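Colleague: Pasted the sequence and its predicted model underneath.
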Amino acid sequence: VVLYSKSPDLATSYVSVAVLHALGMSKNVQEAYLWAKGLDESETFIHHFDIGKSLAEYFT
């Protein structure tokens, strides 16, 4: 899951970040955010990561 959190495929990375957040793997979540900040579409990825984290919190 950690490797998928840095996938250029938005759906894959978004779900992976949500799973990592649900598992309490904060360091890996932060690393995914740092990776996303370097992308051309960083705002889109970060927005989806935020949504994924919110969904993970809702269901846990």
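Modeller: Structure received. Keep in mind it's a predicted model, so treat the numbers as computed, not measured.

Colleague: Quickly note the distance from the spatially most central residue of the chain to F45.
Modeller: In the chain, the residue lying closest to the centroid (C-alpha atoms, centre = their mean) is V17, at 2.9 Å. V17 sits at a distance of 9 Å from F45 (criterion: C-beta to C-beta, to the nearest Å). Where C-beta positions appear, they are placed from N, C-alpha and C, glycine not excepted.

Colleague: how about the longest helix along the chain: buried residues?
Modeller: The longest helix of the chain (DSSP state H) is helix 42-59. By neighbour count on 16 or more other C-beta atoms under 10 Å, the buried set for helix 42-59 is F45, I46, H48, F49, G52, K53, A56.

Colleague: Low-confidence regions, this protein specifically.
Modeller: The chain contains no residues with pLDDT under 70.

Colleague: who's in contact with S13?
Modeller: Y4, S5, K6, S7, A32, A36, F45, H48, F49 (C-beta atoms under 8 Å, 6 or more residues apart in numbering).

Colleague: Next, the contact list for the second one, please.
Modeller: Spelled out, that is S5. When contacts are counted by C-beta under 8 Å, 6+ apart, S5 touches S13, S16, V17, L20, N28, V29, E31, A32, W35.

Colleague: Format the residues you listed as CSV; extra columns: secondary structure and distance to E41.
Modeller: As requested, those are arranged in CSV below (DSSP: H, G, I helix; E, B strand; the rest coil; distance: C-beta to C-beta, whole Å):
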residue, secondary structure, distance to E41
S13, helix, 11
S16, helix, 17
V17, helix, 15
L20, helix, 20
N28, helix, 21
V29, helix, 19
E31, helix, 18
A32, helix, 14
W35, helix, 12
